[in-house]
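[1] Turn this into a model:
(one chain, ligands or ions: 1)
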Amino acid sequence: MLGATGSIGASALDVIARHPERFTASVLSANARVEDLIALCRRHRPAHAVIVQPERYADLRDGLAAAGLPTRAHAGPEALAALAAGPDCDTVIAAIVGAAGMASTLAAARAGKRLLLANKESVVLAGDLLMSAVREHAAELIPIDSEHNAIFQCLHGQAADLGRVRRLILTASGGPFLNRGRAELAHATAAQACNHPNWKMGRKISVDSATLMNKGLEVIEAHWLFGMPAERIDVLVHPQSIVHSMVEHADGSVLAQMGRPDMRTTLACGLAWPERVDSGVAAPDLGAIGALSFQPPDRATFACLDLAYAALAAGGTAGATLNAANEVAVAAFLEGRIGFLDIPAVIADTLDAADHQPAGDLDVLLAADAAARAHAAARLSRQAGAMA
Ligand SMILES: NC(=O)c1ccc[n+]([C@@H]2O[C@H](COP(=O)([O-])OP(=O)(O)OC[C@H]3O[C@@H](n4cnc5c(N)ncnc54)[C@H](OP(=O)(O)O)[C@@H]3O)[C@@H](O)[C@H]2O)c1
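    Below is the predicted model:
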């Protein structure tokens, strides 16, 4: 469980704990929140726990010992990648937030694991490389993002046949700022952006939902996961978040997957697939919900969606550039250093300035990621200087 202390981590561990005869959480990881990690170790008694920040290692080791747990303590990203690829697990749940999840996700794919992929940023950064690793090492990738998991279910776990499948339709809740105009968004705060109407998620993905960048990242993710060209991936706003996505077939049939907005459903699907187990989530009560509505996204106000399509069209390292610029801009917004509408502006500027290269190997992608972070950070400090 990579990212055990996060929102997806909590949902995954809830499902795992419901089926002790079937699942054991053998490796748990966190970035820095060592007390939360030790609390999870008390509850789930894994064989290994990893804290990525090395300076927290002693706290983890001593905390586990003080709790009388047999769990072995590890530190650093290399230990994380080694455990994800090692013999202590056959399934890896990749739920680290951001490009930081890339190395361990790739390590799990290269070790041929069942990979439950929530860390969408690694697909946006290195989709070609990751999917090649999945194919070459016969890993089994099951998408955990609810939209892609819905498509996976509608396709019965098979690859999309471009002759039979006409379009993928990703649904978007619209986030907390649905139907708002630019004037209102100019003063949106981090607390408002993180106050999602349907989903309880980590702060970074909550802001991505509010800007519609989350949907943009998901368009790129769908392109790589299902081999679908960008022009055959559409987005439809569906404020109730009951239909998680749809697959339109050549004969006009549209298959949809429905469920409550609770990630335990997709995690249970991924853990048990092709079987089905209890996730702790009831089915949606459609009679009580009454109506499901759909509308096109407001692409002019929420410019991040088209920036993602543009990065997909540019290809190569453009996805890495888009993702890195977004991570820098969202972090600055969460810290109150820039406004909500500055997020797409920083990303557009970084994409314009970048020299997109073919995404040949991980070094090229990581160089594009670093260059984009540097460019976006420099732009933010110029902006801060101008405002001072
Ligand atoms: N939440 C959802 O409902 C949802 C839905 C679909 C997809 N996703 C995707 O799932 C991923 C996780 O989202 P989340 O909402 O669960 O995030 P979150 O609540 O912020 O949790 C992030 C997890 O990653 C760890 N982490 C952060 N930075 C790290 C680093 N540099 N190295 C290693 N570990 C690091 C955190 O550890 P600490 O606790 O120590 O900081 C935490 O365990 C994201 O890619 C997101 O887009 C989430």
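[2] Identify the residues contacting the residue in the chain positioned nearest to the ligand.
    Using CB to the nearest ligand atom, residue 6 is the residue of the chain that sits closest to the ligand, at 2.1 Å. In short, each C-beta sits where N, CA and C put it, glycine included. Going by CB atoms under 8 Å, 6 or more residues apart in numbering, residue 6 touches 95-97, 202.
[3] So which of those reach the ligand?
    Restricting the contacts of residue 6 to those within reach of the ligand (CB under 6 Å from any ligand atom) leaves 95-97, 202.
[4] before we move on, the earlier item: ok, now how distant is the residue of the chain closest to the ligand from residue 356?
    31 Å (CB to CB, to the nearest Å).
[5] how about the residues of this structure that lie near the ligand?
    Near the ligand, when you scan the chain using CB under 6 Å from any ligand atom, you find 3-9, 30-33, 52, 95-97, 100, 118-121, 145, 199, 201-202, 204-205, 263.
[6] Filter these down to the ones in helices?
    The helices, defined by DSSP state H, take in 7-9, 120-121, 204-205 from the residues of the chain next to the ligand.
[7] Would you reformat the residues you listed as TSV and include neighbour count, distance to residue 249 and pLDDT?
    Listed next are those as TSV, based on neighbours: other CB atoms under 10 Å; distance: CB to CB, whole Å; pLDDT from 0 to 100:
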residue	neighbour count	distance to residue 249	pLDDT
7	19	33	97
8	28	31	98
9	26	36	98
120	28	25	94
121	29	30	93
204	19	35	96
205	25	30	96
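[8] now, among those residues, which is nearest to residue 112?
    residue 120 (21.5 Å; CB to CB).
[9] List the contacts of residue 126.
    For residue 126, the contact set (CB under 8 Å, 6+ apart) comprises 102, 106, 319-320, 359, 362, 365.
[10] Could you tell me which of those count as buried?
    Listed as buried from the contacts of residue 126 are 102, 106, 319-320, 359, 362, 365; burial here means 16 or more other CB atoms under 10 Å.
[11] coming back round to it: out of the residues of the chain next to the ligand, which are buried?
    Buried, going by 16+ other CB under 10 Å: 3-9, 30-31, 33, 52, 95-97, 100, 118-121, 145, 199, 201-202, 204-205, 263, out of the residues of the chain next to the ligand.
[12] quick one on the thing from earlier: take the contacts of residue 126 and keep only those in helices.
    Per DSSP H, helices hold the following members of these: 102, 106, 319-320, 362, 365.
[13] farthest-separated two in the residues you listed?
    The most widely separated members of these, counting by CB to CB, are 106 and 319 (14.9 Å).
[14] what's the pLDDT at residue 384?
    For residue 384, the model assigns a pLDDT of 78.
[15] meant to ask about residue 21
    For residue 21, the predicted pLDDT is 97.
[16] cool, and residue 225?
    Model confidence at residue 225 (pLDDT) stands at 97.
[17] tally of neighbours for it?
    The tally of other residues near residue 225 (other CB atoms under 10 Å) stands at 26.
[18] Likewise for residue 341?
    17.
[19] ranges for the strands of the stretch 201-350 of the chain?
    233-237, 243-249, 254-258 (DSSP state E, counting those that start in this stretch).
[20] Deepest-packed of these, please.
    Counting by mean count of other CB atoms under 10 Å, strand 243-249 has the highest mean neighbour count of the strands of the stretch 201-350 of the chain, with a mean of 21.
[21] among the strands of the stretch 201-350 of the chain, which is nearest residue 40?
    Between the strands of the stretch 201-350 of the chain, strand 243-249 lies closest to residue 40; by CB to CB that is 27.3 Å.
[22] what angle sits between that closest one and strand 233-237?
    140 degrees (axes from the mean of the first three to the mean of the last three CA atoms, to 10 degrees).
[23] what packs against strand 243-249?
    helix 146-154, strand 165-172, strand 254-258 (3 or more CB pairs under 8 Å, 6 or more residues apart in numbering; DSSP states H and E).
[24] Pull up the pairing partners for it, direction included.
    strand 165-172 (antiparallel), strand 254-258 (antiparallel) (DSSP bridges).
[25] In PDB, list the C-alpha atoms belonging to it.
    The C-alpha atoms that make up strand 243-249 are tabulated as PDB, following Å, rounded to 0.1, in the frame of the first residue of the first chain:
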ATOM      1  CA  VAL A 243     -22.300   7.500 -13.400                       C
ATOM      2  CA  HIS A 244     -18.500   7.200 -13.200                       C
ATOM      3  CA  SER A 245     -17.900   7.000 -17.000                       C
ATOM      4  CA  MET A 246     -19.300   5.500 -20.100                       C
ATOM      5  CA  VAL A 247     -18.200   3.500 -23.200                       C
ATOM      6  CA  GLU A 248     -19.900   4.300 -26.500                       C
ATOM      7  CA  HIS A 249     -19.900   1.400 -28.900                       C
END
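[26] quick check: angle from that strand to helix 146-154?
    Interaxial angle of strand 243-249 relative to helix 146-154 (the same axes, to 10 degrees): 50 degrees.
[27] Determine how far strand 243-249 lies from the middle of the whole chain.
    19 Å (CA atoms, centre = their mean, to the nearest Å).
[28] sorry, back to before: of the contacts of residue 126, which pair is most distant in space?
    Across these, no pair lies farther apart than 106 and 319, at 14.9 Å, counting by CB to CB.
[29] List the buried residues of stretch 15-23.
    Within stretch 15-23, the residues that count as buried by 16+ other CB under 10 Å are 15-16, 23.
[30] which stretch among the helices and strands packed on strand 243-249 comes nearest residue 344?
    Going by CB to CB, the one of the helices and strands packed on strand 243-249 nearest residue 344 is strand 165-172, 15.9 Å.
[31] And residue 281, how far from residue 266?
    10 Å.
[32] Looking at these two, which one has more neighbours?
    residue 266 (31 against 19).
[33] Mind putting the strands of the stretch 201-350 of the chain into JSON lines with mean pLDDT?
    Formatted as JSON lines, these follow (pLDDT from 0 to 100):
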{"stretch": "strand 233-237", "mean pLDDT": "98"}
{"stretch": "strand 243-249", "mean pLDDT": "98"}
{"stretch": "strand 254-258", "mean pLDDT": "98"}
